[in-house]
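Colleague: Requesting a structural model of the entry that follows:
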Amino acid sequence: MLFSEIILDNEKFRIDDEFFMKEYISAYRKIKSIPNIVLKDEISVLTDFHANGSYEAISEVFELLDEPNFAYMVRTTDLEINNFSDNVKYITKKAYNFLSKSQVFGGELLINKIGTPGKSYLMPYLNRPTSLGMNLFLIRTNENSCINEKFLYIYFNTNFGLKIINRKINGTVPLTIDKAAIRSLYVPKFESDFIYEISSLVDKVFDLELEAKSMYRQAELLLLDTLKLKDFNPPSQTINIKSFADSFGTSGRLDAEFYQEKYEKLIDKIKSYPKGYNTLDYFIKDFSTGFAYKSETYTETGIPLIRINNIGNGTLDISNAMLIPQGDISLSPKDVANENDILISMSGTIGNSCKVPKGVNAVVNQRIMRISPQNINVEVLPLIINSIIGKYQLERMGTGGVQTNISANDIKQIVIPNVEEKIQTQIADLIRQSNYLRIKSKGLLEKAKKAVELAIEKDQESALDFIKGKQTNDCNVH
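Modeller: Numbering: from 1, shown residues only. Reported below is the predicted structural model:
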């Protein structure tokens with residue numbers, strides 16, 4: 001490589017191998033060979049949590065809260081599982097106002113700073129005060145820019161965009177990306193009609209996601225209504241006086257949180273259901289609790305490893321899963337994920353549950369319980385576990401300090417109502433409709449990414465034909 005090429009797009013004058021990887025250089029040259037722009041010239045805002053002042057100044061007003069408060073704080077965890085209501089964090093009105101430089105209104109491009117640096121998301125409109133999490137950048141484009149946040153979201157998730165942004169990641173552990181690197185990113189410049197078509201596809205993607213969530217919520221409400229839990233209002237008091245025989249003598253637990261009245265009231269409601277109940281153990285044919293696959297074996301090609309962050313509220317997303325060598329399946333055959341298995345997270349955000357869909361060929365990492373279910377509809381069981389029914393019971397049993405943990409034995413003892421078969425069928429139909437909408441949404445997202453890749457590799461006309469469904473032989477872009 002010529003020295004003149006080394007100093008181009010190299011504001012930190014890096015000479016490490018990663019910066020000059022062949023695939024990164026190839027993507028960079030391709031973008032430079034077509035009309036392009038530099039991101040810094042097209043954005044009006046590039047900010048983060050730390051733009052609000054020094055650590056000392058922020059710490060005087062900032063506290064991350066588990067209970068609902070004035071403003072929601074968006075984190076990478078929420079963006080990854082596309083869930084902005086369960087197990088989320090809040091801040092006070094005073095903190096929200098102080099953090100004025102990182103307020104979020106919806107529609108912004110968010111980019112990870114660490115962990116998975118460069119990973120990009122489009123912020124949905126939540127219609128509530130929202131503040132930016134600590135490890136994210138927020139971008140707003142200029143009003144008169146030839147690009148917008150929706151296009152950037154698609155571009156930075158294409159093969160080309162990922163390589164352009166990954167090239168600017170630096171450091172060892174943890175890997176990071178900084179503001180200077182973000183500003184220096186090259187973006188292809190397209191005509192307004194093509195940007196419009198991509199933006200329209202993104203709108204449809206998010207509309208379908210909202211519809212899917214609504215359908216899933218209908219399924220949950222049907223379940224709760226059946227169990228007379230739709231308007232369940234848990235007692236707010238945290239004091240519950242118990243004798244030794246009725247506390248430690250029965251449960252073996254001495255922590256006060258375990259005996260909160262809200263947990264007892266919920267369990268009493270479940271047990272009063274006319275069709276009866278069983279412990280989860282009754283609905284388990286067999287189970288495993290994951291295997292500790294070594295991160296040193298992660299590879300570019302292989303079998304997906306299901307980790308806790310791949311499990312959402314009723315969904316499994318392994319599109320960005322880590323991969324392990326195919327031969328590592330033999331390390332723990334019982335932890336191979338099979339169609340219709342149920343997965344439950346056992347650490348951190350405990351109790352997230354989903355069904356393994358058809359066509360998944362993956363293995364289960366440690367601290368995830370894999371269940372082969374019986375005596376219950378496979379669509380319904382994860383919904384029960386994700387609802388207040390499972391959430392409260394698992395929250396009650398969780399132990400640990402910084403990171404909550406729960407054992408398989410405890411999980412097997414939560415009480416599950418024997419929902420009548422007719423209601424189970426109705427619930428399952430709603431969940432299947434929700435899943436169909438999610439699949440359709442993902443299909444449109446992939447279509448948008450392929451269209452941008454085609455526009456980069458060939459031309460915009462071919463990409464527009466692809467979007468409109470016209471025949472083209474150039475859809476297999478790289």
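Colleague: Please compute how far the helix or strand Phe137 falls within lies from its chain's middle.
Modeller: Element membership of Phe137, judged by DSSP states H and E, is strand 136-141. With Cα atoms, centre = their mean, to the nearest Å as the basis, strand 136-141 stands 19 Å off its chain's centre.
Colleague: other SSEs contacting it?
Modeller: If you count contacts as 3 or more Cβ pairs under 8 Å, 6 or more residues apart in numbering; DSSP states H and E, strand 136-141 packs onto strand 43-48, strand 109-112, helix 149-155, helix 179-183. Where you see a C-beta, it was placed from the backbone N, CA and C, and this is true even at glycine.
Colleague: Let me know the average pLDDT across stretch 366-377.
Modeller: What stretch 366-377 shows for mean pLDDT is 98.
Colleague: circling back: so can I have TSV of the helices and strands packed on strand 136-141 showing mean neighbour count, distance to Asp78 and mean pLDDT?
Modeller: Shown next, in TSV, are the helices and strands packed on strand 136-141 (neighbours: other Cβ atoms under 10 Å; distance: least, Cβ to Cβ, whole Å; pLDDT from 0 to 100):
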stretch	mean neighbour count	distance to Asp78	mean pLDDT
strand 43-48	17	17	98
strand 109-112	23	10	98
helix 149-155	25	16	98
helix 179-183	16	21	96
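Colleague: Including distance to Ile267, could those go into TSV?
Modeller: As requested, the helices and strands packed on strand 136-141 are exported to TSV (distance: least, Cβ to Cβ, whole Å):
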stretch	distance to Ile267
strand 43-48	43
strand 109-112	39
helix 149-155	43
helix 179-183	50
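Colleague: Ile342 is nearest to which of the ones you listed?
Modeller: The minimum distance between Ile342 and the helices and strands packed on strand 136-141 falls on strand 109-112, with 29.6 Å, by Cβ to Cβ.
Colleague: ok, the very next helix or strand once past that closest one: who's next to it in the sheet?
Modeller: Scanning forward in sequence from strand 109-112 by DSSP H and E, the next helix or strand is strand 120-122. Paired with strand 120-122 in the same sheet, following DSSP bridges, are strand 109-112 (antiparallel).
Colleague: Centre of the chain to the strand it pairs with, how far?
Modeller: The answer for strand 109-112 is 13 Å, by Cα atoms, centre = their mean.
Colleague: got the CA coordinates for that strand in PDB?
Modeller: The C-alpha trace of strand 109-112 is given here as PDB (Å, rounded to 0.1, in the frame of the first residue of the first chain):
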ATOM      1  CA  LEU A 109     -29.300   6.900  15.100                       C
ATOM      2  CA  LEU A 110     -27.700   5.300  18.200                       C
ATOM      3  CA  ILE A 111     -24.200   3.700  18.000                       C
ATOM      4  CA  ASN A 112     -22.500   1.600  20.700                       C
END
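Colleague: ok but Lys285 is inside a strand, no?
Modeller: Yes. Assessed with DSSP: H, G, I helix; E, B strand; the rest coil, Lys285 lies in a strand.
Colleague: so what pLDDT did it get?
Modeller: Confidence score, pLDDT, at Lys285: 98.
Colleague: rewinding a little: please identify which of the helices and strands packed on strand 136-141 is closest to Asn352.
Modeller: strand 109-112 (20.4 Å).
Colleague: in the strand holding Phe137, what counts as buried?
Modeller: 136-141 (16 or more other Cβ atoms under 10 Å).
Colleague: what's next to that strand, contact-wise?
Modeller: Contacts to strand 136-141, defined as Cβ atoms under 8 Å, 6 or more residues apart in numbering, come from residues 39, 42-49, 74-76, 102, 104, 108-113, 123, 132, 147-149, 152, 179, 182.
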